[in-house]
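> Quick check, what structure comes out for this input:
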Amino acid sequence: MRKYPTSKILDKLHRGVVWTCMGVTAYGTFLIGMRVYRYFTVVRPQRQLEEFKMLEDEIVDKANLIDSAPKLQS
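Predicted structure coming up:
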């Protein structure tokens with residue numbers, strides 16, 4: 001059996017760890033990018049729509065409170 005120098009074994013081990021870290025970083029960047037994309041395309045517009053509806057309902061409620069005149073019937 002051929003005997004490898006210790007430095008060569010450690011170099012191969014280090015190279016494997018570096019490639020693993022690079023892969024995990026690339027995959028994590030991809031996942032973060034997908035979450036950011038989903039936030040700007042799905043979550044944020046839905047949140048803005050709900051906020052707009054709440055404000056609209058609040059304005060209608062305030063208008064009903066302010067208008068205390070009796071209804072005119074013709």
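> helices and strands around the helix or strand of the chain with the lowest mean pLDDT, which ones?
Within the chain, no helix or strand scores below helix 44-66, which has a mean of 84 by mean pLDDT, DSSP states H and E. In terms of contacts (3 or more Cβ pairs under 8 Å, 6 or more residues apart in numbering; DSSP states H and E), helix 44-66 is packed against no helix or strand at all. For every residue, glycine as well, the C-beta is placed using N, CA and C.
> now that helix, how far from the chain's geometric center?
25 Å (Cα atoms, centre = their mean, to the nearest Å).
> Could I get the CA-only coordinates of it as PDB?
Taking Å, rounded to 0.1, in the frame of the first residue of the first chain, the C-alpha atoms of helix 44-66 are listed here in PDB:
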ATOM      1  CA  ARG A  44     -46.000  42.700   0.000                       C
ATOM      2  CA  PRO A  45     -48.800  43.300  -2.600                       C
ATOM      3  CA  GLN A  46     -51.200  41.200  -0.500                       C
ATOM      4  CA  ARG A  47     -50.200  43.100   2.700                       C
ATOM      5  CA  GLN A  48     -50.700  46.500   0.800                       C
ATOM      6  CA  LEU A  49     -54.100  45.400  -0.400                       C
ATOM      7  CA  GLU A  50     -55.200  44.400   3.100                       C
ATOM      8  CA  GLU A  51     -53.900  47.700   4.500                       C
ATOM      9  CA  PHE A  52     -55.800  49.600   1.800                       C
ATOM     10  CA  LYS A  53     -59.000  47.800   2.600                       C
ATOM     11  CA  MET A  54     -58.600  48.500   6.400                       C
ATOM     12  CA  LEU A  55     -58.000  52.200   5.700                       C
ATOM     13  CA  GLU A  56     -61.000  52.300   3.400                       C
ATOM     14  CA  ASP A  57     -63.200  50.600   6.000                       C
ATOM     15  CA  GLU A  58     -62.000  53.000   8.600                       C
ATOM     16  CA  ILE A  59     -62.700  56.000   6.400                       C
ATOM     17  CA  VAL A  60     -66.300  54.700   5.700                       C
ATOM     18  CA  ASP A  61     -66.800  54.200   9.400                       C
ATOM     19  CA  LYS A  62     -65.700  57.700  10.200                       C
ATOM     20  CA  ALA A  63     -67.900  59.200   7.500                       C
ATOM     21  CA  ASN A  64     -70.900  57.400   8.900                       C
ATOM     22  CA  LEU A  65     -70.200  58.800  12.400                       C
ATOM     23  CA  ILE A  66     -69.700  62.400  11.100                       C
END
